[in-house]
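Novice: what would the 3D arrangement of this be:
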Amino acid sequence: MSEVQAIRAKGRPSKAARVQRILSEEVQEVQVERPAMRPEMRANDPRAEAARRAAEIRGNLGGEMDEGTNRFDAPTAPPGWTYEWKRKATLNQEDTSYITKLKRKGWEEVPASRHPETMPPGWTNSTIERDGMILMQCPEEIVNEIKSIELRRARDQVRVKESQLTASPDGTFERNNPNIKKNYEAIPVPKS
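Specialist: Numbers count the residues shown, from 1 in each chain. This is a model prediction of the structure:
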């Protein structure tokens, strides 16, 4: 009998048996260190989590879940102020000259810190913006003055056209056309 056979005969395991024993010890160590998955999964109830998230979404939408809501519905302005959405960009190109013109007329950006509910969580800009529009504010009395000026200009244009239609050159008959009517109606807006 050779020396190797004699050592094996005394009880030394074969190489394959030693590898098997080492692998089984590692598997037992891995199984002992690995935490159980079942208790953690059951700790968080998925139904309760879904109900919590649904309540959060309803709170963010303010009960307006249908698609017919106005995405440009502005929050209520403080007394003495008027809020309006103004164009900031067209096709992702900022219109700085228009914004400058608005600022000269008294319009300024509404700070996002005043109405944080209007912007998504994590919003870093200081203004309230949607789809190329920016929410701006102006004193109410300035807005009323501008509206009265625009109304006066519109009425003057109507008067000028009426006088052009009814006026007749000297030496001709009067132009009293019964088909010319004066009424106000909405202008049809083409659908895009």
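Novice: for the residue lying closest to residue 111 once chain neighbours are set aside, give its distance to residue 109.
Specialist: Nearest residue to residue 111, sequence neighbours excluded (C-beta to C-beta, 6 or more residues apart in numbering): residue 126, at 6.0 Å. All C-beta atoms are positioned from the backbone trio N, CA, C, and that covers glycine. Per C-beta to C-beta, to the nearest Å, residue 126 is found 7 Å from residue 109.
Novice: OK, contacts around residue 106?
Specialist: Residue 106 is in contact with 138, 139, 142, counting by C-beta atoms under 8 Å, 6 or more residues apart in numbering.
Novice: so the first one sits in a strand?
Specialist: Which is residue 138. Yes. Applying DSSP: H, G, I helix; E, B strand; the rest coil, one finds residue 138 inside a strand.
Novice: most neighbours out of the contacts of residue 106, which is it?
Specialist: residue 138 (20 neighbours; other C-beta atoms under 10 Å).
Novice: please name the bridge partners of it.
Specialist: residue 82 (DSSP bridges).
Novice: surely it and residue 108 touch.
Specialist: Yes. Look at residue 138 against residue 108 with C-beta atoms under 8 Å: they come within range, at 7.4 Å.
Novice: flag the shaky bits of this protein, pLDDT-wise.
Specialist: The chain contains residues with pLDDT under 70 at 1-13, 25-43, 60-69, 171-182, 192.
Novice: for it, which segments count as strands?
Specialist: Under the criterion DSSP state E, strands of the chain are mapped to 81-87, 89-90, 93-94, 108-109, 129-130, 133-139.
Novice: do you know how far the most centrally placed residue in the chain is from residue 137?
Specialist: Closest to where the C-alpha atoms of the chain average out (C-alpha atoms, centre = their mean) is residue 130, at 5.7 Å. Remark: distance between residue 130 and residue 137 (C-beta to C-beta) = 16 Å.
Novice: kindly report the same for residue 125.
Specialist: Relative to residue 137, and taking C-beta to C-beta, residue 125 is found at 16 Å.
Novice: which of these two has more neighbours?
Specialist: residue 137 (20 against 10).
Novice: return the residues in contact with the more buried one.
Specialist: So residue 137 contacts 77, 81, 82, 83, 84, 107, 108, 109, 110 (C-beta under 8 Å, 6+ apart).
Novice: so which of the residues you listed is the most crowded?
Specialist: Most crowded among the contacts of residue 137, counting by other C-beta under 10 Å, is residue 110 at 23 neighbours.
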